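Peer 1: dropping a prediction and its sequence here:
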Amino acid sequence: MPPHTYQRRNFFCADPINAQCRMGFLSCAGLANHRNVVHTNATPASRIPQHRPQPRDRQVNHLHEGIDNSSDSDILHPQGAFFMADLFDVHSGTPCNANGNDLDEGSPPLPHKQPTSPWHPFANQGAQFNELMHICTQINGDGNPPPYANKQDLHDTIDVIGQGNVPWQSFTIQHTDAERLANDPSAPQWTLAEYDVWFWDPRILLHNQLSSPAFKDKIDYAPCQVYNNNHERIWSDFKSGNWAWKQCNELSNDPECQGAMFVPVILGSDKTTVSVATGNNKYYPLYISNGNVHNNVWRAHIDAVSLVGFFAIPKADREHEHSKEFSDFRCHLFHMSLEAILSSLRPGMTMPEVTLCPDEHYCRVVYGLGPYIADYLEQCLLSCILLMMTSSGLKELRHKWGVVADIMPFTASFPRANIHELLLPDLLHQVIKGSFKDHLVTWVEAFLTITYRKYRAAAIMAEIDRRIAATPSFPGRGFKQWTENDSKALMKVFLPAIASLVPAQMVRAISAFMEFCYLTRQSTLSETDLSAMDDALARFHDKHSIFIDTGVRPNGISLLCQHALMHYRTYVELFSAPNGLCSSITESKHIKAVKKPWRHLNRHLPPGQMLLINQRLDKLAAFKVHLAAQGLFNPSSLDIDQADLEAEDPDDEFDPEEAHFRDDSSLDDVEPDTQQTKYPRHLAKIAAFIDCPKFPELVGRFLYDQRNPDASIQATDMQDISVLPVVEGRVDVFNSAIARFCAPSDLSGVNGMQRQRIHSCTSWRNGPARHDCVYAEKDPLLPGFQGLYIAQVILFFSFTYQVHWFTPIGDEPCELTGMWMIEPEWEDDLDSKQRVVSVIHLDSIMRAAHLIGVYGSQHIPHNLKHTNSLAAFSAYYVNKFSDYHAYEIAY
């Protein structure tokens, strides 16, 4: 059947008995005829009187009609790092039965349909399923054949899985004048082409997300206002923002919606290229999530974000590529596709429908279009504005304001939705890649080119590169093809590298911007943090005039990415912490949904193969969650595999910013990890091996203090070392230790834990030695860095470890960079020229510290390696930008 122009359906069946019926019709008469034929005995389902729902593991003190950011000192708040002070329980997902009738308070979950065997369609043996999960088809030792005869047999079994089963759908769109232009030889090809859009039903995808047992304790059923112990409002998960609260205020006016759980529909899309060499193959995926799951679930890149479908990508030749007609058609195609894909959600935006929740209760839900994750180009397309304002427009809106007036955004077809209020801040493209990489880094290079001759500027840039490469545990990357990780990595070390090479005001401007950036990347933001963001941004705007005065930006600074920073406080208050809803989430999803499937295709009709691969992957993921809920599968396998993360990192360092979905056991915990076999086993021999003759004495002094904590004299003041304990037994040495800690802004509990490896080894990856630096506790009552020591680990051994000490330079951070400066601590005997060495308890370690040399105005040697950096300088910066956890802990 030939394709046809898609015609929007304006009337939808919303039968209260058969909630599965969502047929659409062009006219009211068609809808009436459908109801008379199909739903002849349809009667509204009866409802028992609305009752106040029982809060689900939340402390509720009172309910406000509106949003109240103030705190009541007379209310007795629960103790803890964070607590819920207000809960919008008019829309809290009151438990109900499958027909939508509310259950009595405290009622257990009602039984729902389950497969006859939890392992169906696989054999009911865990061993066979584990073999399937690991793609292992070898013959068992008992001579039995493999569980599957061949690859097709395995695929056929996966296709039978009932969990996560959402069939693909498609529709075809053509230009409105395609039939009229069919016989016109001069008609552009794009006006005649057929555009196929493949998608999954977003309503079923959301049902699958909301019913997943994996999110049982990681979901909010109602908007909430969260406060810390200082009675400050904080923003973390999406439903702690004001937008969700305001939406529920509007919905509460409808009696039919009261008691229903509000489900914000969060969308995101972004083009991605899978292969430039084979013809610049591009795909345009659309993703969907819900605003009920917690922020750390999004950051963990698990199944809270689902692939919805693939947009068609129209192509035109160069003659028409930039024409107004083709641009308008692409915009029309995009918005019509979105409207058609989301059409199944429209009835549920005004009339609640019943769905299963992660706690196995049924509840009524009402949908609403929420924020849209997109970069700037995508935001222009979504809001129907021109990318660049020109004077060639025919209409006043297009000419004067850059608005494409003859195209209606897709949100116009849905209730309570305005795309201009739903565009999210984008940390990746506005802050990290945009303001930092595209602007500040480029401007520094431009300043050097303007101020110095070409070759002198190149020499300074080479010096900056050498300084970056000399940073401990940072061998340098070249930064020729910028990625998100490259931009983040450069942010961590850029400030010390340019200090003394560019004007002080320029360094201060970049330092202020970095502080703003690291504040916005926190998982939880308080009112104090928002004020600090405003202060940092104000300092940045004050200091960045240096780029205007030096001729880098002679016409001033009026850039969209930097302008967007002024609205981040409003964004946080509306949508909560921006590091959850960021385009880095959708870009990381590209890897699983597009890039990895592409590598396994045979290039024959690749879209169909890619759709099938994604369908099977989603079924397997849903099946794992189902088995875990039945107690038949290890739940820890649903979290991020720590070992895999470490293996993939080229520097064997776990990045705490990229995952927050773990199950560690304790706070501020450091434990030895990999045992070292090259070291001797006795103190005296180890002392000679590490060239530290005082090592046995230091261990003895340490043991004396541990055994005599109330002694009147400390071991360091004792002159007679003969009374010190002597260790004569075996000593085990370790290559590394694992630190587990929680940053102040992270939610307390196991889901806020971070994990970091601290190295101390004689050879790192068959190269030079590596001895990391650490933060050690000095005085827990002092704030930030004032309550910490900095030390470099020389040796981990079984019950303690040995360190070199550093001392702070001054009582305040460096005025130029905002970082504390330290210097090595030396023995009082000037003739010895020995570093102060101590043995301290493993429990006094907090986490790893990152030091960067104070380079000064002199060029560093060309042969200086990053492995020697910690012994090459007389002073160091304590890098507060190594990650946002260090930024909070030490500053």
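Peer 2: It's in.
Peer 1: is it true that Phe873 lies in a helix?
Peer 2: No. Counting by DSSP: H, G, I helix; E, B strand; the rest coil, Phe873 is not found in a helix; it is coil.
Peer 1: gap between it and Cys561?
Peer 2: 35 Å (Cβ to Cβ, to the nearest Å). Every C-beta, even on glycine, is put in place using the N, C-alpha and C of the backbone.
Peer 1: same deal with Lys685?
Peer 2: According to Cβ to Cβ, Lys685 stands 59 Å off from Cys561.
Peer 1: swap in Glu325?
Peer 2: 30 Å.
Peer 1: same check on Gln209?
Peer 2: 32 Å.
Peer 1: and if you look at Leu181?
Peer 2: Remark: distance between Leu181 and Cys561 (Cβ to Cβ) = 40 Å.
Peer 1: Phe215 too?
Peer 2: From Phe215 over to Cys561 (counting by Cβ to Cβ), the distance is 34 Å.
Peer 1: okay, those two: which has more neighbours?
Peer 2: Set side by side, Phe215 and Cys561 show more neighbours around Phe215, with 22 against 17, by other Cβ atoms under 10 Å.
Peer 1: check what pLDDT the nearest residue to the more buried one once chain neighbours are set aside gets.
Peer 2: Distances taken as Cβ to Cβ, 6 or more residues apart in numbering place Pro358 nearest to Phe215, at 4.6 Å, with adjacent residues excluded. With respect to pLDDT, Pro358 has a value of 85.
Peer 1: may I ask which helix or strand of this structure has the lowest mean pLDDT?
Peer 2: When the helices and strands of the chain are scored by mean pLDDT, DSSP states H and E, helix 642-648 comes last with a mean of 34.
Peer 1: on that earlier part again, my guess is the residue nearest to Phe215 contacts Leu210, does it?
Peer 2: Yes. Using Cβ atoms under 8 Å, Pro358 is in contact with Leu210, at 7.1 Å.
Peer 1: what is in contact with these two at once?
Peer 2: Common neighbours of Pro358 and Leu210, using Cβ atoms under 8 Å, 6 or more residues apart in numbering, are Ile219.
Peer 1: now do the SS call for Arg466.
Peer 2: In three-state terms, and counting by three-state DSSP, Arg466 is helix.
Peer 1: please apply the same query to Phe262.
Peer 2: Phe262 is classified as strand under three-state DSSP.
Peer 1: residue contacts, Pro696?
Peer 2: When contacts are counted by Cβ under 8 Å, 6+ apart, Pro696 touches 683-684, 687, 726-727.
Peer 1: for the residues you listed, pick the one with the most neighbours.
Peer 2: Tallying neighbours with other Cβ under 10 Å puts Leu683 at the head of those, with 21 neighbours.
Peer 1: so what pLDDT did it get?
Peer 2: Note on Leu683: pLDDT of 83.
Peer 1: if I look at it, how far off is Pro725?
Peer 2: Distance, Leu683 to Pro725, using Cβ to Cβ: 11 Å.
Peer 1: can you name the next helix or strand after the longest strand that the chain contains?
Peer 2: Longest strand in the chain by number of residues, with DSSP state E as the criterion: strand 362-373. Counting by DSSP states H and E, the next helix or strand C-terminal to strand 362-373 is helix 376-383.
Peer 1: now do that next one, average pLDDT.
Peer 2: 85.
Peer 1: select the longest helix from this structure.
Peer 2: helix 606-629 (DSSP state H).
Peer 1: packing partners for that helix?
Peer 2: Helix 606-629 is packed against helix 126-133, helix 151-159, strand 306-310, helix 596-599, with contacts defined by 3 or more Cβ pairs under 8 Å, 6 or more residues apart in numbering; DSSP states H and E.
Peer 1: so how far does stretch 221-232 reach from one end to the other?
Peer 2: 22 Å (Cα to Cα, to the nearest Å).
Peer 1: tell me where the stretch 501-650 of the chain has strands.
Peer 2: 525-526 (DSSP state E, counting those that start in this stretch).
Peer 1: actually the stretch 751-891 of the chain, not the one I wrote
Peer 2: Going by DSSP E, counting those that start in this stretch, the stretch 751-891 of the chain shows strands at 754-761, 770-771, 773-777, 788-797, 800-808, 821-824, 837-841, 845-849, 851-853, 876-878.
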